[in-house]
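Undergrad: Got a predicted model here, sequence first, then my questions.
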Amino acid sequence: MESPSAHVDEELQPWGDPECPGQLPGRLGSSEYAQSGVVEKGRPKWGNPLQFLLVCVSYAVGLGNVWRFPYLCQMYGGGSFLVPYIIMLIVEGMPLLYLELAVGQRMRQGSIGAWRSISPYLSGVGIASLVVSFLVSVYYNVINTWTVWYLFHSFQDPLPWSVCPLNGNHTGYDEECEKATSTQYFWYRKTLNISPSIQENGGVQWEPALCLTLAWLMVYLCILRGTESTGKVVYFTSSMPYFVLIIYLIQGLTLHGATNGLIYMFMPKMEQLINPKTWINAATQIFFSLGLGSGGLIAFASYSDPSTNCQKHAIIVSIVTSTTAIFASIVTFSIYGFKATFNYENCLNKVILLLTNSFDLEDGFLTASNLEEVKDYLASTYPSKYSDVFQHIRNCSLESELNTAVQGTGLAFIVFTEAIKYMDVPQLWSVLYFFMLLVLGMGSMLGNTAAILTPLMDSKVISSYLPREAISGLVCLINCAIGMVFTMESGNYWFDIFNDYAATLSLLLIVLVETIAVCYIYGLKRFENDLQIMAGRSLNWYWKAMWAFVSPLLIIGLFIFYLSDYIITGTLQYQAWDATQGHVVTKNYPTYALAVIGLLVASSTMCIPLVALGTFVTRHFKSRASFPMA
């Protein structure tokens, strides 16, 4: 396939005078698009509008829908969390998604070219998006690495995380595993082989390194031919997760205790509606689940037909993404209810067995229904003996089990694996679950890599010397090489740093500048005219109000919250695995880790002001050179 932009620099000229930022033609019909050079002859396009829609859905519907949204429901009000979530979808997610799709479709360029077309001073916005996408790609594919590892082990009988291994002397179970649980042991010791702290790096472990290489090879095969290969892959990556979720829903609803989890999820806690963090987390979830600011949406839309109704696509993708998150939560909480009920009843059985044996009670006399009554009777009748036995009695509580909030890798690789091992034919459910996670992760990686490759392919310097296949391979190879850091014994600690700090503040700043650029530099009226030409209908007041006022103010609020939260929190900390105790402990980051955190944040955010300053200085000296003083 020919390079997407063999003559980008020349073709930028019809968009506007580089000496007059923001002065772009405001009215271009579909035929005028072609005449003005906006649609390059060599630029690939999606095979049909459905491919474009599916690739956006595949990108937006990611792992966050499966393992972060259920956690937020659990933490912030259950069913009542849906109120701020839906409101934030309407005032933030949908408008900003439409904005990025429209910019990509209008400018026919990747993130760098699109914002440079509006103003040379805004090239840094596209560069910042590219940097963020690169950093996200580096660590995000590590999740797929772990998923591949679990998928391979899912074919074993019994599942390797279902039982503790024997110790070296074969006289009992491994001590670390007994202090933790078999699922925690498999995750921290067998998968990560984690070190006690971030200071103890250890070496690169060959098994995770091999899985990481395989994960990047799969990404490369998906993006090898650009829209030609990606457009076919998304038919599978966008539909297969729903097939698995439906199967899991049927299985989940038949499990003992599933209703306990569903009641817990949908039971509203209305007091959480006055909690500012509830609204902030709802807005954040919408923002990041749609992939705003990273350049992937702009890249996808740049390959779309200029007359595509991107407003309709923005609405569909927003609704599908949010509906998927709610649907995945129903599945998750049905499984979660099963696990919590199993642990609760297992706890009760241990207490019943302990009391029955300690007081020589008849088998069957003591049951879960009369446990509290018998305990009161034994405490009053045999106070001394009961006091001794009481020290070994666990406090069993179904509510406590349900209140245990876990997100991210903890939910996917510990909580879910704990529930799977108690199901009938656990290998089947494990294979389905981790295959679904792999497909979701790969779908998101298509967007991350597109955000990197599209600006590179739009560069005349790069695309004229290297074919697309070579550029794609080089990007994957560089990402894979850097990603080897996460396969070290301390790799999980570095993964958490990248996950927490590589994109959060950066994406907020990028999208804020994007909305300001469209509304106040390019001009909302001019952009409205462009959209009317593309969509064949005028822009209503809702979109204009959201872009010009509501969404920017909301982003500023989120930005201030995160900055203040970092400042108030003070010392940045991380969770380290203590093998001697069998659980995580909190430790402070060392100085060099704090430096890396600062570098991650600055590497993208500083692109915007530095590039603008560099452009100003360059234009200033060019202007003086053109008009020398007498």
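TA: Structure's in. What do you need?

Undergrad: now the strands: where do they sit in the stretch 501-630 of the chain?
TA: For the stretch 501-630 of the chain, the strands defined by DSSP state E, counting those that start in this stretch occupy 573-578, 583-588.

Undergrad: Kindly export the last one (C-alpha atoms) in PDB.
TA: When you say that, I think you mean strand 583-588. What follows is strand 583-588, C-alpha atoms only, in PDB (Å, rounded to 0.1, in the frame of the first residue of the first chain):
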ATOM      1  CA  HIS A 583       0.500  -9.400  51.700                       C
ATOM      2  CA  VAL A 584       1.300  -6.000  50.300                       C
ATOM      3  CA  VAL A 585       2.800  -3.200  52.400                       C
ATOM      4  CA  THR A 586       3.100   0.600  51.700                       C
ATOM      5  CA  LYS A 587       6.500   2.100  50.900                       C
ATOM      6  CA  ASN A 588       7.800   5.500  49.800                       C
END
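
Undergrad: winner for burial among the strands of the stretch 501-630 of the chain?
TA: Among the strands of the stretch 501-630 of the chain, the stretch with the highest mean neighbour count (mean count of other Cβ atoms under 10 Å) is strand 573-578, at a mean of 17. All C-beta atoms are positioned from the backbone trio N, CA, C, and that covers glycine.

Undergrad: isn't there a helix covering Ala481?
TA: Yes - under DSSP: H, G, I helix; E, B strand; the rest coil, Ala481 sits within a helix.

Undergrad: Let me know how buried it is, in neighbour terms.
TA: Residues near Ala481, counting by other Cβ atoms under 10 Å, number 13.

Undergrad: For Tyr542, which non-adjacent residue is closest in space?
TA: Leaving aside its chain neighbours, Tyr542 sits nearest to Pro95 (7.9 Å; criterion: Cβ to Cβ, 6 or more residues apart in numbering).

Undergrad: can I assume the one you found is in contact with Trp547?
TA: Yes - the criterion here is Cβ atoms under 8 Å, and Pro95 meets it with Trp547 at 5.9 Å.

Undergrad: in the stretch 351-500 of the chain, which spans are helices?
TA: 371-381, 383-390, 398-403, 409-410, 416-420, 426-457, 460-463, 468-483, 491-501 (DSSP state H, counting those that start in this stretch).

Undergrad: Would you single out the least confident of these?
TA: Here the lowest mean pLDDT among the helices of the stretch 351-500 of the chain goes to helix 460-463, at a mean of 77.

Undergrad: Show me what that one is packed up against.
TA: Secondary-structure packing of helix 460-463 (3 or more Cβ pairs under 8 Å, 6 or more residues apart in numbering; DSSP states H and E): helix 426-457.

Undergrad: Contacts for stretch 324-339 next, please.
TA: 61, 64-67, 69-70, 73, 82, 241-242, 245, 248-249, 252-253, 255-265, 285, 289, 401-402, 411, 415-416, 418-419, 422 (Cβ atoms under 8 Å, 6 or more residues apart in numbering).

Undergrad: rewinding a little: how about the helices of the stretch 351-500 of the chain, which one is nearest Ile315?
TA: helix 426-457 (18.8 Å; Cβ to Cβ).

Undergrad: Off-centre distance for that closest one?
TA: 11 Å (Cα atoms, centre = their mean, to the nearest Å).

Undergrad: Can you check what angle separates that helix from helix 468-483?
TA: Using axes from the mean of the first three to the mean of the last three Cα atoms, to 10 degrees, one finds that helix 426-457 and helix 468-483 are set 120 degrees apart in direction.

Undergrad: about what we covered before: burial count for the residue nearest to Tyr542?
TA: For Pro95, using other Cβ under 10 Å, the count is 22.

Undergrad: By mean pLDDT, flag the weakest helix or strand of this structure.
TA: Ranking every helix and strand in the chain by mean pLDDT, DSSP states H and E puts helix 8-11 at the bottom, with a mean of 33.
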